[in-house]
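> Let me see the structure of the following:
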Amino acid sequence: MSGTTITREQIEKCIDFHGHWCPGLATGIRAAELALRELGQSTDEEIVAIAETDFCGVDAVQVLTGCTIGKGNLIIRNLGKVAFSFYRRADGKSIRIVARPDERSSGSEYRQIQQKSNEGILSAEDHSRFRELRNLRCSSILEADMDRLFEIKEVQEPVPDFAPMEKSVLCEECGEKVMETRVRLSGGRLLCQYCFDAENPRI
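Numbers count the residues shown, from 1 in each chain. This next block holds a predicted model:
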């Protein structure tokens, strides 16, 4: 399949949600497109996604697939990989979408200017060129053959459980509510993670 089937309106929604247009978001749009093609859209929690990264593309997955962090059917396992696993609860179908290496990125002009941007040392000329190169990369991603962008592999873990609805208890130090399954025991007291860490500093 060559060229995205995601509409301009949908792309604009992704950009509005994310805050800017970039290759990472474009990659997420194409990954979401592939997931939609294979498994369909989630109106509630029928589709579950695991993202192996917290990069920009996660926002496109939320906007387009209906898998969101707030509903608990988008889980971040930040392994530093541009990869997403999707599961359809109804019939157990699942896929893992893994980005192929981008041979253009290593040592490219884009990567060099991006490094300058990360360091906050872009000149006005660099800003203009960076925007131009970024738009070109985004367009290239949207127009690319899906097989050039991604590999489809088997998922590496079973479908996650539904998001837990646990009762809350009060931290005995700060008095804030915390999910019962997330409290820590310290000196016979139930503490939230922050208070536990304060009482038990790591050496």
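
> Find the least confident helix or strand in this structure, judged by mean pLDDT.
Sorting the helices and strands of the chain by mean pLDDT, DSSP states H and E puts helix 109-119 at the bottom, at a mean of 82.

> immediately after that helix, which helix or strand?
Counting by DSSP states H and E, the next helix or strand C-terminal to helix 109-119 is helix 124-143.

> contacts for that following helix?
Outside of helix 124-143, the residues within contact range by CB atoms under 8 Å, 6 or more residues apart in numbering are 2-4, 6, 11, 21-23, 25-27, 29-30, 104, 109-110, 113-114, 116-117, 122, 149. C-beta coordinates here come from the backbone N, C-alpha and C atoms, glycine included.

> Find the nearest non-adjacent residue to the most centrally placed residue in the chain, please.
Residue closest to the average C-alpha location in the chain (CA atoms, centre = their mean): residue 58, at 2.6 Å. Using CB to CB, 6 or more residues apart in numbering and skipping the chain neighbours, the partner closest in space to residue 58 is residue 51 (5.1 Å).

> Contact partners for the residue nearest to the centre of the chain?
28, 51, 74, 76.

> Can you point out the helix or strand that includes it?
Per DSSP H and E: residue 58 is located in helix 57-65.

> tell me what the very next helix or strand once past that helix is packed against?
Sequence-wise, the next helix or strand downstream of helix 57-65 (DSSP H and E) is strand 74-76. Applying 3 or more CB pairs under 8 Å, 6 or more residues apart in numbering; DSSP states H and E, one finds that strand 74-76 contacts strand 47-51, helix 57-65.

> per-domain residue ranges of this structure.
8-153, 168-199 (automatic domain parsing).

> Need the winner for burial among the ones you listed.
Among the domains of the chain, ranked by average contacts under mean count of other CB atoms under 10 Å, first place goes to domain 8-153 (a mean of 17).

> where in this protein is pLDDT low?
1-2, 103-107, 203 (pLDDT under 70).

> Ignoring the adjacent residues along the chain, who's closest to residue 5?
With CB to CB, 6+ apart as the measure, residue 33 is the residue that lies nearest to residue 5, at 6.3 Å, once sequence neighbours are left out.

> List the contacts of the one you found.
Applying CB under 8 Å, 6+ apart to residue 33 gives the contacts 4-6, 64, 146.

> element containing it, please.
Secondary structure from DSSP H and E places residue 33 in helix 23-39.

> And for residue 156?
Counting by DSSP H and E, residue 156 is found in no helix or strand.

> Turn the contacts of residue 58 into CSV, columns for distance to residue 131.
Below are the contacts of residue 58 laid out as CSV (distance: CB to CB, whole Å):
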residue, distance to residue 131
28, 20
51, 27
74, 30
76, 29
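
> Name the surrounding residues that touch whichever strand or helix holds residue 152.
Assigned by DSSP H and E, residue 152 belongs to strand 150-153. Applying CB under 8 Å, 6+ apart, the set of residues contacting strand 150-153 from outside is 30-31, 34, 38, 95-100.
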